[in-house]
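Novice: fold the stuff below for me.
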Amino acid sequence: IAKEEEAYSSLNTEDSSGYATIKSAVLKAYELVPEAYRQRFRSWERRSGQTYMVFARDLTGHFKRWLAALEVTTFEGLCDVVVLEQFKDMLPGYIATYVSEKQCVTAAGAAASADEYLLLHKGAGEGRGSRWCASGVAH
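Specialist: Below is the predicted model:
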């Protein structure tokens, strides 16, 4: 309960009267934000002795919580999530990090951010024969 109280007490008087604002603050206090749900869904493993039926139900629940946290309610929104995740998985790590920090919600937005990154770092690496380390620094 300490985290809930801390999250609630950190809100100003105006914010503390709205359910959605309070809920958002409490979820953030527990790190139950879309990325946390995505990681939980992607890393979920079947427990020893667990039936596959229960495992599938748990996995489905984690997936639905991830989508709910993203406020995905349409097939088009689901497509955006899947294509964006696949797009980011195919990027070099340093560009994927940049795109994630921009909080893009579509592959088109992520592509624009990835191109922006390349423009901002033009001449520092990609396409010039340089090798990049994980931090995105050219060698």
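Novice: CA atoms for contacts and neighbours, from now on please.
Specialist: Will do.
Novice: that's a strand at residue 46, yeah?
Specialist: No: secondary structure assignment (DSSP: H, G, I helix; E, B strand; the rest coil) places residue 46 in coil, not in a strand.
Novice: that one reaches residue 55, doesn't it?
Specialist: Yes: with contact defined as Cα atoms under 8 Å, residue 46 reaches residue 55; the gap is 5.7 Å.
Novice: okay, buried residues for the lengthiest helix in the chain please.
Specialist: Assignment by DSSP state H gives helix 52-69 as the longest helix of the chain. Within helix 52-69, the residues that qualify as buried by neighbour count (16 or more other Cα atoms under 10 Å) are 58-59, 62-67, 69.
Novice: swap in stretch 102-110?
Specialist: Result for stretch 102-110 [16+ other Cα under 10 Å]: buried residues 105-107, 110.
Novice: which residues does the closest residue to residue 88 other than its chain neighbours contact?
Specialist: Excluding its sequence neighbours, the residue lying closest to residue 88 (Cα to Cα, 6 or more residues apart in numbering) is residue 96, at 5.4 Å. With contacts defined as Cα atoms under 8 Å, 6 or more residues apart in numbering, the neighbours of residue 96 are 88-89, 114.
Novice: which of those residues are buried, as a ChimeraX select command?
Specialist: Listed next is the ChimeraX selection for buried residues among the contacts of residue 96, using 16+ other Cα under 10 Å:
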select :88,114
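Novice: export the contacts of residue 96 to CSV and tack on secondary structure, distance to residue 100 and pLDDT?
Specialist: CSV is the format used below for these (DSSP: H, G, I helix; E, B strand; the rest coil; distance: Cα to Cα, whole Å; pLDDT from 0 to 100):
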residue, secondary structure, distance to residue 100, pLDDT
88, helix, 8, 97
89, helix, 11, 96
114, helix, 10, 97
